[in-house]
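J.: Turn this into a model:
(one chain, ligands or ions: 1)
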Amino acid sequence: MAVTDAPLHSALTALRDDQADTPKNMREAFKADPQRFAKFSLTDGDLLLDWSKCAVTADTMALLDKLAHAARLPERRDGMFSGKKINVTEGRAVLHTALRDGPGDTVLLDGKDVMGDVRAVLDAMAAFADAVRSGAAPGATGKKITDIVNIGIGGSDLGPAMATLALAPYHDGPRAHYVSNVDGAHIHDTLKGLEPETTLFIIASKTFTTIETMTNAETARKWVEKALGKEAVSKHFAAVSTALDKVASFGIAPERVFGFWDWVGGRYSLWSAIGLPIMIAVGPKNFRDFLAGAHEMDQHFKTAPLLKNIPVVMGLIGYFHRVVCGYPARAVIPYDQRLSRLPAYLQQLDMESNGKQVTVNGLRVTTPTGPLVWGEPGTNGQHAFFQLLHQGTDIIPVEFLAAAEGHEPELRHHHDLLLANCLAQSEALMKGRTLEEARRQMLTKGMPVEEVDRVAPHRVFPGNRPSVTLLYRKLDPHMLGRLIALYEHRVFVEGVLYGINSFDQWGVELGKELATGLLPVVEGTEDAARNDASTAGLVRHIHQLRAAG
Ligand SMILES: O=P(O)(O)OC[C@H]1O[C@](O)(CO)[C@@H](O)[C@@H]1O
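T.: So this is what the prediction gives:
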């Protein structure tokens, strides 16, 4: 937050001063107010957000509302939707929401409606996806494509990979594989099980310069050429990029190139042509349902009053935990196995967006910014790191996600167990277990008193550990679209409150530059004299290990 930003500063001070009144014992808070769940939960159709297990009061929420107004959140939100160039360090608009607008919508950028181009690309993607799925766009030897391999990284990988897995019950197209890492093991192990004749590569890169993607694309091209000859390449490659000139020089047939625009940030791009592998996997209709779900969330975000607005409330609570309570991290735990890549996807969305140290105006921030985001699906996480969530010395707010219904009615018992576990974890985090309760439980089991005295302290759970729960009916394409758009908007809300630009990513540049300089050093064609002693020592050791091997 800029220090000069007086209204925001006084809103934050008021929030901090209010801390004495926030509940310290959540069990008591629930006992004292039977309406607590009703007060601190809200629904939008078949999606519910419950934040009643967080230590907030009606006053806290009112102060957060004031803070949002002091930060001019509604104006900033409207500015984004209307094509203002809010990504000020790159001079770009932020219009990924236009990608899911409906027929009849108009979105002006510099006075020109972008929707014509958006629809044209979507239609071209659908035609291509249908042709691949039906066999009308076969490989060079005429065989139907059975496998697609998306080669991309970051936003050109994580979103489509996450969504493809999430939509597994709707996946009736070719198998989809994702290669991102420049580690040759990734492409090697992926190609091992595939046939060149029936494999289609999608080279996905906004800039078409990303070294990992270009290196993997070259390897894929050689693999196809070796098996089927140079002329086969055109039937086995497609590309997605904003840099159409660079794609052309790679040699991909123009009718297999799908463009998007600089107003779509990489980590916000799965709605664009970057979603092509999702569309080929689940079909154009399901992909359009996914877009429609996101559009529905956009409308909710645009129109619902701030404290009835799911992304806004999630953002306010996220800000409260990070800035007012000082919690350094948040865990995202989907009790939905098909969302197992959601935490990885959210790591980029959230941390690349809000991991910043200067405000929009280039001043040093005066509050913490984005938290460390991490997670794994439940119930697996319970048997790994939940120990720390329950009894560790740091408080880490948890976000639980769960569907009321699974896709396998015959496995209803599994789903009931899954939900029972999800609810049990948030209840346990909130309630905890006192020393007295631990002792009583052990004594009831007949344990000797000395043993109870010795072990009981280890069985104490402090409780009062905050969590929010997002509960939805079923993870279908429409709901997935709503959830992902919800997270995008939540990141936006937090970014506005932090006073930062959530849409650039300068923090990834330095490492890329140094890697370019270090390549010849690692290859041994330049020496490491110009590097620091640690780096030079590591390079020397790599060379020694290689020589010894
Ligand atoms: O799509 P591209 O241009 O290959 O970039 C991939 C990723 O690299 C980044 O620029 C960061 O390294 C991300 O923001 C982006 O999603």
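J.: most centrally placed residue in the protein?
T.: Taking C-alpha atoms, centre = their mean, the centroid of the chain lies closest to residue 346, which sits 2.1 Å from it.
J.: wait, isn't that residue in contact with residue 374?
T.: No: taking contacts as C-beta atoms under 8 Å, residue 346 lies outside contact range of residue 374: 9.0 Å. Every residue, glycine included, has its C-beta placed from N, CA and C.
J.: Which residues outside the host helix or strand of the residue nearest to the centre of the chain are in contact with it?
T.: Here residue 346, judged by DSSP states H and E, is contained in helix 342-346. Outside helix 342-346, the residues within contact range by C-beta atoms under 8 Å, 6 or more residues apart in numbering are 158-159, 161-162, 166, 332-334, 373-376, 401, 487.
J.: now do stretch 36-44
T.: Contact partners of stretch 36-44, identified using C-beta under 8 Å, 6+ apart, comprise 29-30, 33, 48-52, 54, 56, 58, 61, 297, 300, 304, 308, 310, 313.
J.: Pull out the buried members of these.
T.: For those, a burial check counting by 16 or more other C-beta atoms under 10 Å picks out 29-30, 33, 48-52, 54, 56, 61, 297, 300, 304, 310, 313.
J.: Out of these, flag the one nearest to the ligand.
T.: Set against the ligand, the nearest of the buried ones among the contacts of stretch 36-44 by C-beta to the nearest ligand atom is residue 297 (21.5 Å).
J.: right, and the closest one touches residue 314 too?
T.: No: Residue 297 is beyond contact range of residue 314, at 11.6 Å (criterion: C-beta under 8 Å).
J.: Write out the residues of this protein neighbouring the ligand.
T.: Counting by C-beta under 6 Å from any ligand atom, the chain comes close to the ligand at 153-156, 205-207, 210, 213, 266-267, 352, 505, 508.
J.: Using TSV, lay out those residues together with secondary structure and pLDDT.
T.: Output for the residues of the chain next to the ligand, formatted as TSV (DSSP: H, G, I helix; E, B strand; the rest coil; pLDDT from 0 to 100):
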residue	secondary structure	pLDDT
153	coil	98
154	helix	98
155	helix	98
156	helix	98
205	coil	96
206	coil	93
207	coil	93
210	coil	95
213	helix	97
266	helix	97
267	helix	98
352	helix	98
505	coil	97
508	helix	95
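J.: top of those by neighbour count?
T.: Using other C-beta atoms under 10 Å as the neighbour test, those are led by residue 156, with 30 neighbours.
J.: Would you mind listing the residues in contact with that residue?
T.: 150, 204, 205, 206, 210, 213, 240, 266, 269, 274.
J.: Quick check: phi and psi on the nearest residue in space to residue 326 that is not next to it in sequence?
T.: Among residues not flanking residue 326 along the chain, residue 368 sits closest, at 7.1 Å (C-beta to C-beta, 6 or more residues apart in numbering). Note on residue 368: backbone dihedrals following degrees, to the nearest 10 are phi -60, psi 160.
J.: From the structure, what's the count of residues near residue 368?
T.: Look at residue 368: counted by other C-beta under 10 Å, it has 14 neighbours.
J.: what does residue 285 give?
T.: Number of residues near residue 285 (other C-beta under 10 Å) recorded here: 12.
J.: cool, and residue 428?
T.: 18.
J.: cool, the one 3 residues further on as well?
T.: Neighbours of residue 431 under the rule other C-beta under 10 Å: 18.
J.: can you tell me how far it sits from the ligand?
T.: For residue 431, the distance to the ligand equals 41 Å [C-beta to the nearest ligand atom, to the nearest Å].
J.: wouldn't that residue be in contact with residue 463 here?
T.: Yes: at 5.2 Å, residue 431 and residue 463 qualify as touching, with contact defined as C-beta under 8 Å.
J.: Give the residues shared as contacts by those two.
T.: 26, 27.
J.: Check which element follows the longest helix along the chain along the chain.
T.: Longest helix of the chain, by residue count under DSSP state H: helix 477-498. Per DSSP H and E, the first helix or strand lying C-terminal to helix 477-498 is helix 509-523.
J.: And the next helix or strand past that following helix?
T.: Trace forward from helix 509-523 with DSSP H and E and the next one is helix 533-548.
J.: what angle separates that following helix from helix 509-523?
T.: 40 degrees (axes from the mean of the first three to the mean of the last three C-alpha atoms, to 10 degrees).
J.: Okay, buried residues for helix 533-548 please.
T.: Residues residue 539 are the ones in helix 533-548 that count as buried (16+ other C-beta under 10 Å).
J.: from the middle of its chain, how far away would that helix be?
T.: Put simply, helix 533-548 sits 36 Å off its chain's centre (C-alpha atoms, centre = their mean, to the nearest Å).
J.: what's the model's confidence in that helix, averaged?
T.: The average pLDDT for helix 533-548 rounds to 96.
J.: can you check stretch 114-129 too?
T.: The average pLDDT within stretch 114-129 is 97.
J.: one step back: spit out the residues that contact residue 346 and residue 374 alike.
T.: By C-beta under 8 Å, 6+ apart, the residues touching both residue 346 and residue 374 are residue 332.
J.: what sits against the closest residue to residue 47 other than its chain neighbours?
T.: In this structure, residue 47 finds its nearest non-sequential neighbour in residue 472, 4.8 Å apart by C-beta to C-beta, 6+ apart. Contact analysis of residue 472 by C-beta under 8 Å, 6+ apart lists 46, 47, 48, 401, 402, 403, 404, 479, 482, 483.
J.: Is the residue nearest to residue 326 in contact with residue 322, as I believe?
T.: Yes: the criterion here is C-beta under 8 Å, and residue 368 meets it with residue 322 at 5.6 Å.
J.: Between these two, which contacts overlap?
T.: With C-beta under 8 Å, 6+ apart, residue 368 and residue 322 have common neighbours residue 328.
J.: in terms of contact, does residue 208 touch residue 248 like I think?
T.: No: if you go by C-beta under 8 Å, residue 208 and residue 248 don't touch, sitting 9.8 Å apart.
J.: the more surrounded of these two?
T.: Applying other C-beta under 10 Å to residue 208 and residue 248 shows that residue 208 carries more neighbours, namely 23 against 14.
J.: Cool, thanks, signing off.
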